[in-house]
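1. fold the following for me, if possible:
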Amino acid sequence: MYAVIEIAGKQQRVDQGRWFLVDQPEEQELETRVLLVVDGDKVVTGDDALKAKITLSKAGTVRIRGKRSMKFKTKEARSSKRMLGYRRTLVKVTCDKIAL
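-> A predicted model of the protein is given here:
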């Protein structure tokens with residue numbers, strides 16, 4: 001059994017007992033919307049999928065830094081350069097239970 005949920009503006013496929021990374025501040029509550037639930041040959045979508053319950057838990061204070069996103073800025077006719085960039089903080093989330 002697996003489900004497709006929308007969390008932090010992105011869609012994730014979740015299986016029971018598996019973990020995934022979310023690009024969301026750790027202090028915020030996890031707001032999810034169930035889009036699809038698949039149980040063997042049975043596929044549930046639409047309003048019936050919204051009734052499904054998915055239990056998620058944050059894996060403690062595990063924070064992972066994401067990939068670097070860097071920009072390099074120069075000014076013409078000058079020898080000055082500036083490096084811009086950041087690394088996102090990703091939160092590890094575990095799917096505990098999927099119930100229809």
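2. how about V14, nearest residue that isn't a chain neighbour?
-> Closest residue in space to V14, ignoring its immediate chain neighbours: C95 at 4.2 Å, by CB to CB, 6 or more residues apart in numbering. Using the backbone N, CA and C atoms, a C-beta is placed for each residue, glycine as well.
3. bridged to that neighbour, which residues?
-> L56 (DSSP bridges).
4. touching, T94 and L30? I think so.
-> No: the pair T94 / L30 is not scored as a contact, 11.0 Å apart, by CB atoms under 8 Å.
5. residue at max distance from the center of the chain?
-> The outermost residue of the chain relative to its centre, with distances by CA atoms, centre = their mean, is A77 at 43.3 Å.
6. give the contact list for it.
-> For A77, the contact set (CB atoms under 8 Å, 6 or more residues apart in numbering) is empty.
7. host element of it?
-> Counting by DSSP states H and E, there is no helix or strand that carries A77.
8. repeat for the one 5 residues further on
-> R82 belongs to strand 81-99 when assigned by DSSP H and E.
9. just checking, what packs against that strand?
-> Where contact means 3 or more CB pairs under 8 Å, 6 or more residues apart in numbering; DSSP states H and E, strand 81-99 is packed against strand 2-7, strand 10-15, strand 19-22, strand 53-74.
10. the longest one: how far from the chain's middle?
-> This points to strand 53-74. Put simply, strand 53-74 sits 8 Å off its chain's centre (CA atoms, centre = their mean, to the nearest Å).
11. same deal with the shortest one?
-> With CA atoms, centre = their mean as the basis, the distance from the averaged C-alpha position of strand 19-22 to the chain average is 6 Å.
12. A49: which element?
-> Going by DSSP H and E, A49 is part of helix 47-50.
13. buried ones in that helix?
-> Judged by neighbour count using 16 or more other CB atoms under 10 Å, the buried positions of helix 47-50 are A49.
14. which residues does it contact?
-> Outside helix 47-50, the residues that touch it by CB under 8 Å, 6+ apart are A3, R33, V34, L35, L36, V37.
15. of those, select the buried ones using a PyMOL command.
-> Per 16+ other CB under 10 Å, the buried members of the contacts of helix 47-50 correspond to this PyMOL selection:
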select buried, resi 3+34+35+36+37
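16. number of residues surrounding I98?
-> Using other CB atoms under 10 Å, I98 has 21 other residues around it.
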